[in-house]
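Student: the sequence and its predicted three-dimensional model are supplied below.
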Amino acid sequence: MTLKDKTTVTFYNGLTTIGGPMIEVAYNKSHVLFDLGEVYRPELKLPDESYQTLIKNQLIGDVPNFYDPKITGKPIDTERWEHSAAYISHLHLDHSKVLNLLAPEIPLYAGPITAHLLPALNENGDFLLPAAGHEKNYTRPIIAAEYKKPIKVGDITLEIYPSDHDAYGATGLLVKTPDKQIAYTGDIRLHGYHPDWVRAFMQAAKGSDMLIIEGTGVSWPEEKHDENSEEFTGPKNEVELTEEIMRLQNANPDRQITFNTYPTNVERLLRIISDSPRKVVLHAKRAHLIKDSLNEDYPYYYLPEDKKYSDLNPEFEVSYDELLADNHKYLWQTVSDYDKLQVGGLYIHSNAEPLGDFDPAYKPFVEQFAKNKIEFIALRCSGHADEKELKEIIGGIQPVILVPVHTLHPELEENPFGERILPKRGQTATL
Ligand SMILES: [Zn+2]
């Protein structure tokens, strides 16, 4: 066998940062790349988000032969690579933001929900980075993969599995070359709505030659026993979280209750809507996102300055004034004008933006509720496996080689079943 007939895995980015993994698996003349996100580091205060700026600041990987030559100025070596494809695991920006920088001729695969939601999220051009030669709200084609159905990329086969994370439709990936199997978790947890899906993925990935696993949950070892830690306190799982939101409504029958969640955590929102004793009313922008991606109608309202969405059914509209005056009928999503809310009301902040202390906008956001005499309750549930769950996932897969990525402390994930490697940026492992 010649050297080129071996499976290689190159780690371009997202190894000791939270987010932005970019990893290439190659065999002979075929290669695949996953994911296509940008590392989130607002503290850098970058002048722009050009390709050059992102490369220089290591927010994306310097991956040859995948990016659009119109953006890089470097041609793709089509003699060396006859078969190429890319995959994104889920729609969080640290896994998807630069997908428009992928060369247009390279097919991009994702789970069906991710493929349908991304163009809707980017319809104003403020979600993804722009593609060369297109309007800023353009989203390149994303192929909605059928779960578990093999996708051929020359000598390589991809299989996409439904998984569980706080991004709706998150998936995991199996990459099969003629002689090796590599499993990539994407972002993963066992305390969401679908631990059974995660376990089915673990079963399919069992005995993989390499497991590339995220490790967000071991990134803050110093906070493990801190009772104020954002990562380790609050509801233990999504079910407990929705139950708490129901409890708050039942315990406060005569009080204005408002809330907000993160746009891409669609499943949490759907559970809140289905389980709430009060009628849940969404801001029109969110109702439009759900209509656009799932074709489902829910009650909604417009703020006075909002543009109207033609796809929203007028029969579902509730007036903003009625919501402002209500104290028992509605649980509604508030997104601005907090000083108009009723004194003595309750606001539930459930992983909405601003996300937490690391964001300078968070503290003033929380303080304005106290100023207006509204009780602020943060109800979080992590999208990531904790230390114990990571051990269970590794134990279920029992990989020959473990590669922790997407964590500040990759050295804290261990492999009792074989080797563990901690690659440097740009390093290649040959299997
Ligand atoms: Zn994520």
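Tutor: Ah, there it is. Numbers count the residues shown, from 1 in each chain.

Student: could you list every helix and strand in contact with the lengthiest helix in the chain?
Tutor: Counting residues, the longest helix found in the chain (DSSP state H) is helix 238-251. For helix 238-251, the packing partners by 3 or more CB pairs under 8 Å, 6 or more residues apart in numbering; DSSP states H and E come out as strand 257-261, helix 266-275, strand 346-350. Just so you know, the C-beta spots here come from the backbone N, C-alpha and C atoms, and that holds for glycine as well.

Student: got the residue ranges for the strands in the stretch 251-400 of the chain?
Tutor: With strands called from DSSP state E, counting those that start in this stretch, the stretch 251-400 of the chain shows them at 257-261, 279-283, 300-301, 330-333, 346-350, 375-378.

Student: how about these, which one is nearest the ion?
Tutor: With CB to the ion as the criterion, the ion lies closest to strand 257-261 of the strands of the stretch 251-400 of the chain, at 15.0 Å.

Student: quick one: the closest one to helix 266-275, angle?
Tutor: Here strand 257-261 runs at an angle of 150 degrees relative to helix 266-275 (axes from the mean of the first three to the mean of the last three CA atoms, to 10 degrees).

Student: which helices and strands sit right next to strand 257-261?
Tutor: Where contact means 3+ CB pairs under 8 Å, 6+ apart, strand 257-261 is packed against helix 238-251, helix 266-275, strand 330-333, strand 346-350.

Student: list the contacts for the residue most central in space within the chain?
Tutor: Residue closest to the average C-alpha location in the chain (CA atoms, centre = their mean): residue 92, at 2.9 Å. Residue 92 makes contacts with 19, 37, 167, 187, 264, as judged by CB atoms under 8 Å, 6 or more residues apart in numbering.

Student: please apply the same query to residue 16.
Tutor: By CB under 8 Å, 6+ apart, the neighbours of residue 16 are 407, 408, 410.

Student: and residue 255, how far is that from residue 346?
Tutor: Going from residue 255 to residue 346 by CB to CB, to the nearest Å gives 6 Å.

Student: and those two? Which one has more around it.
Tutor: residue 346 (21 against 15; other CB atoms under 10 Å).

Student: pretty sure the more buried one is touching residue 248, no?
Tutor: Yes - here residue 346 reaches residue 248: they are 6.7 Å apart, a contact under CB atoms under 8 Å.

Student: distance of the closest residue to residue 361 other than its chain neighbours from the ion?
Tutor: Excluding the flanking residues, the one nearest residue 361 by CB to CB, 6 or more residues apart in numbering is residue 354, at 4.2 Å. Separation of residue 354 from the ion (CB to the ion, to the nearest Å) stands at 17 Å.

Student: per-residue pLDDT, whichever residue of the stretch 251-400 of the chain sits closest to the ion?
Tutor: Relative to the ion, the nearest point of the stretch 251-400 of the chain is residue 383 (5.7 Å; CB to the ion). Residue 383 carries a pLDDT value of 92.

Student: which positions in the chain make contact with the ion?
Tutor: 92, 187 (CB under 5 Å from the ion).

Student: from what I can see the residue of the stretch 251-400 of the chain closest to the ion touches residue 165, true?
Tutor: Yes - proximity of residue 383 to residue 165 meets the contact threshold set by CB under 8 Å, at 4.9 Å.

Student: what residues are shared contacts of those two?
Tutor: 187, 189, 192.

Student: okay, and for this protein, where does confidence drop off?
Tutor: 1-4, 224-233 (pLDDT under 70).

Student: can you give me the helices for it?
Tutor: Using DSSP H, helices in the chain cover 51-56, 69-72, 93-96, 112-121, 195-205, 238-251, 266-275, 284-294, 320-325, 362-371, 387-397.

Student: what number of residues lie near the nearest residue to residue 115 once chain neighbours are set aside?
Tutor: Excluding the flanking residues, the one nearest residue 115 by CB to CB, 6+ apart is residue 144, at 3.8 Å. When neighbours are counted by other CB under 10 Å, residue 144 registers 14.

Student: and what of the one 3 residues further on?
Tutor: Using other CB under 10 Å as the criterion, residue 147 is surrounded by 13 other residues.

Student: how much space separates it from the ion?
Tutor: Residue 147 is 19 Å from the ion, by CB to the ion.

Student: show me what the nearest residue to that residue once chain neighbours are set aside is bridged to.
Tutor: Once flanking residues are discounted, residue 147 sits nearest to residue 162: 5.5 Å by CB to CB, 6+ apart. Residue 162 has these beta-bridge partners by DSSP bridges: residue 171.

Student: contact partners for residue 162?
Tutor: Counting by CB under 8 Å, 6+ apart, residue 162 has contacts 111, 147, 169, 170, 171, 194, 197, 201.

Student: could you redo the last one with a cut-off of 10 Å?
Tutor: 111-113, 147-148, 169-172, 194, 196-198, 200-201 (CB atoms under 10 Å, 6 or more residues apart in numbering).

Student: can you select the buried ones from these in PyMOL?
Tutor: In PyMOL, this line selects whichever of the contacts of residue 162 come out buried by 16 or more other CB atoms under 10 Å:
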select buried, resi 111+112+113+169+170+171+172+194+197+198+200+201
